[in-house]
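Novice: with the sequence up front, the predicted model follows.
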Amino acid sequence: MTTSQTSREPTSASISANVRDMQPSATIAVSSLAKRLAAEGRDILNLSAGEPDFDTPAFISEAAIEGIRAGRTRYTPAPGIPELRKAVASSFSQRAGRELPWEGVVVSTGAKQSLFNACFSLFGPGDEVLIGAPYWTSYPEMVGLSRASAVPVSGAEARDFRLTPADLDAAVTERTRGLLFSSPGNPTGVVYSTDELRDIAEWARDHGVWLIADEIYRRIWFGDGGEAPSILDLDAHSLGDHVLIDGASKSFAMTGWRIGCSLSSPALAKTMSGFQSHTTSNASTPSQIAALAAWTRTEDTAAAVSEMREAFRRRRDLVCRLFDEKLPGFPYLKPEGAFYLFFRVDSAFAEGRESAAELCTWILEESGVALVPGEAFGEPRFVRMSYATSDDVLEDAIGRLATLLG
Ligand code: PMP
Ligand code: GLU
């Protein structure tokens, strides 16, 4: 009997060039490993996953349950139910102080899909896409899967890696088609001011480059007012072609519901929606109903978000204080938003642990603390710690790190 086609292990020659060079998500890989070790009984403190530890606010979950009971379990239009697209557009319009067309909103299966829709619809062979580094681990892969080239570009470390037009001038070529970055940033927690955003947006406009602004952490900001500066705050004339990425995962503690969204011109939204109609169709219908509650019950949502934001702020203060006290040899970027601490570890490199990746493996083995090495974010001198977990776990983890590294 011959081995059937389906049971054969794919060889590198039989795997399509589409995915041959792709690396699986490092953030997901580390957090899956940490979960597996914990399930095997190891004493693991998992500070790898970028995921709020809060339950989804009850009124959001209840809305989905009611929706399921009412039979809202069928396909919806590919870009989402119109009520949800309108509610998202209305929150963007309110923030921008001008009417933004709801036909420009596409609801997707997580911000990940929104980003992939944008990259796949806008970029292709021969194109270069500038990526603000340190970057979220999936950006270069998404650009690569679109068969374009990812070009990491980093601002000065003294500026907490924030990009300036001069950094972009040094990286741009005639093939540059896009600029992709996040603020508040993953993995840095760094937030661009409105002036800095304007500079970047106008640079992209003047160079005819698509600006993809990932603002999924916008509502997790520790400055006044709670919502970080946004490209929505810019005058319309400062913005050229652009896509704004947002979603429910982080702000509303809804990672597993898989709801993201994009705002672009209605014409591009139509293209992305057409593309999505061939990949996943609509985002899960019950999840859309949940998201509708999040985007329409604005007072309840604001109260829930504000409570979670305050917890993140308190934990940010706690981890910074503990680092100052116990790990003074490990400088970090002071997070202004999101829930990550990005700290420098090259002073701890030694034989057998000469990179952040090797160091993180050693830390996991020796102390059970799971962290994501900076290689995943294009900055191998650093390591990322997620502080979206309880004070006790944070204190225990930093105590273990201090014993091991201090
Ligand atoms: N952008 C950034 C910067 C992220 O950290 C994440 C985390 N998953 C995403 C997008 C994707 O979020 P999701 O697909 O869960 O909505
Ligand atoms: N965005 C989160 C992180 O950076 C979740 C995992 C992922 O999707 O990459 O850890």
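Specialist: All right, it came through fine. Ligands and ions are numbered 1, 2, ... in the order given.

Novice: could you pull out the helices in the stretch 301-406 of the chain for me?
Specialist: 356-367, 391-405 (DSSP state H, counting those that start in this stretch).

Novice: quick one: closest of those to residue 273.
Specialist: helix 356-367 (38.6 Å; Cβ to Cβ). All C-beta spots, glycine's among them, are computed from the backbone N, C-alpha and C.

Novice: export the closest one as CSV, just CAs?
Specialist: Below are the C-alpha coordinates for helix 356-367, written out as CSV (Å, rounded to 0.1, in the frame of the first residue of the first chain):
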residue,chain,number,x,y,z
ALA,A,356,18.1,37.5,24.2
ALA,A,357,16.7,34.2,22.8
GLU,A,358,19.3,32.1,24.7
LEU,A,359,18.9,34.2,27.8
CYS,A,360,15.1,33.8,27.8
THR,A,361,15.4,30.0,27.4
TRP,A,362,17.8,30.0,30.4
ILE,A,363,15.6,32.2,32.5
LEU,A,364,12.6,29.9,31.7
GLU,A,365,14.5,26.8,32.6
GLU,A,366,16.1,28.2,35.8
SER,A,367,13.4,30.4,37.2
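
Novice: got a list of what the one residue in the stretch 301-406 of the chain that gets nearest to ligand 1 touches?
Specialist: Nearest to ligand 1 in the stretch 301-406 of the chain, going by Cβ to the nearest ligand atom, is residue 338, at a distance of 7.5 Å. By Cβ atoms under 8 Å, 6 or more residues apart in numbering, the contact list for residue 338 reads 50, 184-186, 189, 217, 220, 250.

Novice: repeat that with 6 Å
Specialist: Each residue near residue 338 by Cβ atoms under 6 Å, 6 or more residues apart in numbering is listed here: 184, 186, 189, 217, 220.

Novice: one more: residue 212?
Specialist: Counting by Cβ under 6 Å, 6+ apart, residue 212 touches 118, 180, 243.

Novice: just to revisit the earlier point, which single one of the contacts of residue 338 is nearest to residue 37?
Specialist: Once Cβ to Cβ is applied, the member of those that ends up nearest residue 37 is residue 186, at 23.7 Å.

Novice: and that closest one, which of the three is it?
Specialist: The three-state label given to residue 186 by DSSP: H, G, I helix; E, B strand; the rest coil is coil.

Novice: number of nearby residues for it?
Specialist: By the other Cβ atoms under 10 Å criterion, the neighbourhood of residue 186 contains 28 residues.

Novice: related to what we said a few turns ago, need the contacts of residue 338 in a markdown table (columns: distance to residue 322).
Specialist: Formatted as a markdown table, the contacts of residue 338 follow (distance: Cβ to Cβ, whole Å):
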| residue | distance to residue 322 |
| --- | --- |
| 184 | 21 |
| 186 | 21 |
| 189 | 16 |
| 217 | 22 |
| 220 | 20 |
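
Novice: among the residues you listed, which one sits closest to residue 324?
Specialist: Among these, and counting by Cβ to Cβ, the member closest to residue 324 is residue 189, at 16.0 Å.

Novice: gap between the closest one and residue 242?
Specialist: Going from residue 189 to residue 242 by Cβ to Cβ, to the nearest Å gives 23 Å.

Novice: between those two, who's got more neighbours?
Specialist: Between residue 189 and residue 242, counting by other Cβ under 10 Å, residue 189 is the more crowded of the two (27 against 22).

Novice: thinking again about what came up before, report the entries of the contacts of residue 338 that also contact ligand 1.
Specialist: Filtering the contacts of residue 338 for proximity to ligand 1 by Cβ under 6 Å from any ligand atom leaves residue 186.

Novice: and the strands in this structure?
Specialist: In the chain, the strands defined using DSSP state E lie at 45-46, 105-108, 128-133, 149-154, 176-182, 210-214, 242-247, 260-263, 332-333, 340-344, 369-370, 372-373, 382-386.

Novice: in its sheet, what does the longest one sit against?
Specialist: Meaning strand 176-182. strand 128-133 (parallel), strand 210-214 (parallel) (DSSP bridges).

Novice: buried ones in stretch 89-108?
Specialist: 89-93, 96, 100, 102-108 (16 or more other Cβ atoms under 10 Å).

Novice: I should have written stretch 24-33 there, sorry.
Specialist: Neighbour counts over stretch 24-33 (16+ other Cβ under 10 Å) mark 25-27, 30-31, 33 as buried.

Novice: next one: stretch 252-264
Specialist: In terms of neighbour count (16+ other Cβ under 10 Å), stretch 252-264 has its buried residues at 252-255, 257-264.

Novice: can you list the low-confidence ranges for the chain?
Specialist: 1-12 (pLDDT under 70).
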